[in-house]
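S.K.: Here's a sequence, model it:
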Amino acid sequence: MIGPLFAVALMQMFDSDFRAVFWFALIPAWGAVAVLVFGVREPSAAPARASKPRMTLIGNWRALPVPFWALMAVVACFGFARYGEAFLILAAEEGGLSPG
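M.R.: Numbering: from 1, shown residues only. Below you'll find the model as predicted:
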């Protein structure tokens with residue numbers, strides 16, 4: 001939440017100059033790369049893993065918990081609700097309205 005707010009503040013400071021805001025966005029990106037390069041170490045030996053049956057793409061879909069399927073139902077409902085909006089936006093653009 002802080003990143004987008006910071007980006008909006010930078011957009012106001014730089015009079016909507018996207019390039020300047022993207023240059024500022026490189027600072028945390030370089031920090032993340034530095035943490036990966038200098039802070040992350042590979043373990044010397046791989047830990048022993050318990051033999052757990054692997055889930056295949058099709059075979060074990062029934063093994064997924066009920067909350068997962070409830071979430072997928074909600075996501076599908078939101079997706080179907082937004083489907084018609086895409087056609088409305090396309091029709092408005094053909095009529096001469098700009099999306100922004």
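S.K.: Can you list the low-confidence ranges for the protein?
M.R.: Applying pLDDT under 70 to the chain picks out residues 46-48, 50, 52-59, 99-100.
S.K.: let's see 80
M.R.: When residues are selected by pLDDT under 80, those of the chain lie in 1, 43, 45-63, 83, 98-100.
S.K.: where exactly do the helices run in this structure?
M.R.: With DSSP state H as the criterion, the chain has helices at 2-13, 18-34, 66-94.
S.K.: the domain parsing of the protein - what is it?
M.R.: The record's domain parsing of the chain by automatic domain parsing lists 1-41, 62-100.
S.K.: Looking at those, which is nearest to residue 49?
M.R.: Nearest to residue 49 among the domains of the chain is domain 62-100 (18.6 Å), distances taken as CB to CB. Heads up, the C-betas are built off the backbone N, CA and C, glycines and all.
S.K.: And that closest one, how far out from the chain middle?
M.R.: Relative to its parent chain, domain 62-100 has a centroid offset of 16 Å by CA atoms, centre = their mean, to the nearest Å.
S.K.: can you list the domains of the chain in a markdown table and add mean neighbour count and distance to residue 49?
M.R.: Below are the domains of the chain laid out as a markdown table (neighbours: other CB atoms under 10 Å; distance: least, CB to CB, whole Å):
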| stretch | mean neighbour count | distance to residue 49 |
| --- | --- | --- |
| domain 1-41 | 10 | 20 |
| domain 62-100 | 9 | 19 |
